[in-house]
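Undergrad: When you get a sec, could you give me coordinates for this:
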Amino acid sequence: MRAVSPTVVALGAVSLITDVSTEMVSAVLPLYLVLGLGLSPLGFGVLDGVQNGVSALVQLTGGHLADRVRNHKLVAGIGYGLAALCKPLLLVHNLGALGAALALDRTGKGLRTAPRDALISLSAPPERQGRAFGVHRAMDTTGALLGPVVAFLILGVAAGGYDAVFAVSGCVAALGVLVLLLFVPGGKRAPAEPSDSAEPGDSAAAEKVDLRAAFGLLRTRRLRMLFGCAVLLGLTTVSDAFLYLLLQRRTGVDEQLFPLLPLGTATVFLLLALPLGRLADRVGRRMVFLAGHAGLLLAYGLLLWAPATPALPYLVLVLHGTFYAATDGVLPAAVGAVVPERLRASGIALVGTGQALARFCCSLVFGAAWAAWGDGPALGAAAAGLACCATVAGFALRPSASASATPTPSPSSASSSSLPGEPR
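TA: Predicted coordinates:
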């Protein structure tokens, strides 16, 4: 903690509290929709995909708006507030109201993600980006760890069942907004000069942030490779909810214990987020990022072919948590190393939007494949796709590709590595 700024710690606390609220709902939502409201796997895939799609589209707006007004805290605060305000809609027992509540929740998430990550990136020196994001993700995941536990306890003791979970979730979300307002430094940022890592052409109109400048970041070869690989791998990343449903079907986990499955992922993520973030700063983000996807591929393989032993759920959840620890903070850290400060939130939002839209497509296709072929063939197709996409990404992000794109690194950028390259 001493090696990161107070801003990172404060944002970590906000994320911790907010994730308790979010994961309380996420832990019970699949069973509530599929078993309680009778939603089909295809319908669940559509709803899950819409959540990711809304978040993806709004994320780009949030990142651009934060850079344009030069007040990342303001835009992030609006996102956190919107997510808290929509929680009462979860108490309405029909798919229309639930869909609206989830869409508003994802809108809030989309608005806050890029400004929050930009605040983290701008608060850390280039050589400690991985560490800063690791600390934040560890605190964020502590909330993800506690959320299912709280939901499990509420379901066991409260008469309201799912309604009690939704009501408590709204109160916790409001607390997160309060912590943001009180403890995260705010105020407008002064206009910043483009960083040395930006390519020629990015410095044009440095005093003005507009959509042309934001999308112009994709002219940068290094960011373009990051964007393309994030999209490619997102197309074969099965959503968490589907993975937990597959694990429950394969191993026969009791329905009452189902909300605890995300607990395993969150525990591993919490333990490994900081160590893998520091490792990425030292040995290269490419290696850690690709290793995380290799772990996810192994988890798919276990679900497909391993015998249903008592150890299977633990192995799958360990690999799932390792995947997130090796990728979730490493990707924005890499983006932060190759875009100028004035467009930091926009650059993070571009890559995050592409990845989220790809996962939106994956949810739709996977849900349809499950309904048409069954869960096993659908997961087998996803595993084959992930193996192919990871191979392509490994080739595209190899160090030699970066070397040809960056003739002379500056001293400030040479100490840090982005996904397309390795530490020098």
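
Undergrad: what helices or strands is the strand or helix carrying residue 171 leaning on?
TA: Following DSSP states H and E, the helix or strand that holds residue 171 is helix 162-183. Helix 162-183 sits against helix 6-31, helix 72-85, helix 129-157, with contacts defined as 3 or more C-beta pairs under 8 Å, 6 or more residues apart in numbering; DSSP states H and E. No exception for glycine: its C-beta is placed from N, CA and C like everyone else's.

Undergrad: can I get those helices in CSV with mean neighbour count and distance to residue 230?
TA: CSV is the format used below for those (neighbours: other C-beta atoms under 10 Å; distance: least, C-beta to C-beta, whole Å):
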stretch, mean neighbour count, distance to residue 230
helix 6-31, 23, 21
helix 72-85, 23, 21
helix 129-157, 23, 15
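
Undergrad: Could you export these as TSV, including distance to residue 99 and mean pLDDT?
TA: Conversion of the helices and strands packed on helix 162-183 to TSV gives the following (distance: least, C-beta to C-beta, whole Å; pLDDT from 0 to 100):
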stretch	distance to residue 99	mean pLDDT
helix 6-31	12	89
helix 72-85	15	92
helix 129-157	20	88
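
Undergrad: who wins for proximity to residue 257 among those helices?
TA: Of all these, it is helix 129-157 that lies closest to residue 257, at 8.0 Å by C-beta to C-beta.

Undergrad: Tell me how far the closest one lies from the chain's centre.
TA: Remark: helix 129-157 is offset 13 Å from the chain centroid, using C-alpha atoms, centre = their mean, to the nearest Å.

Undergrad: With stretch 391-401 instead?
TA: 22 Å.

Undergrad: would you put the C-alpha positions of that stretch in CSV?
TA: C-alpha atoms of stretch 391-401 as CSV (Å, rounded to 0.1, in the frame of the first residue of the first chain):
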residue,chain,number,x,y,z
THR,A,391,-2.4,-18.1,-30.7
VAL,A,392,-3.1,-15.1,-33.1
ALA,A,393,-2.8,-12.6,-30.2
GLY,A,394,0.5,-14.2,-29.1
PHE,A,395,1.9,-13.7,-32.5
ALA,A,396,0.5,-10.1,-32.9
LEU,A,397,1.8,-9.0,-29.5
ARG,A,398,5.3,-10.6,-29.8
PRO,A,399,8.2,-8.2,-28.8
SER,A,400,9.5,-7.9,-32.3
ALA,A,401,6.2,-6.4,-33.5
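
Undergrad: ranges for the helices of the stretch 151-300 of the chain?
TA: Ranges of helices in the stretch 151-300 of the chain, per DSSP state H, counting those that start in this stretch, are 162-183, 211-216, 221-234, 240-251, 261-283, 285-305.

Undergrad: Can you tell me which of these has the worst average pLDDT?
TA: With a mean of 78, helix 211-216 has the lowest mean pLDDT of those.

Undergrad: Check which helices and strands it is in contact with.
TA: Partner elements for helix 211-216 (3+ C-beta pairs under 8 Å, 6+ apart): helix 41-69, helix 344-373.

Undergrad: For the residue nearest the centre of the chain, list the residues it contacts.
TA: Residue closest to the mean C-alpha point of the chain, counted by C-alpha atoms, centre = their mean, is residue 328 at 5.6 Å. Neighbouring residues of residue 328 by C-beta atoms under 8 Å, 6 or more residues apart in numbering: 137, 269, 273.
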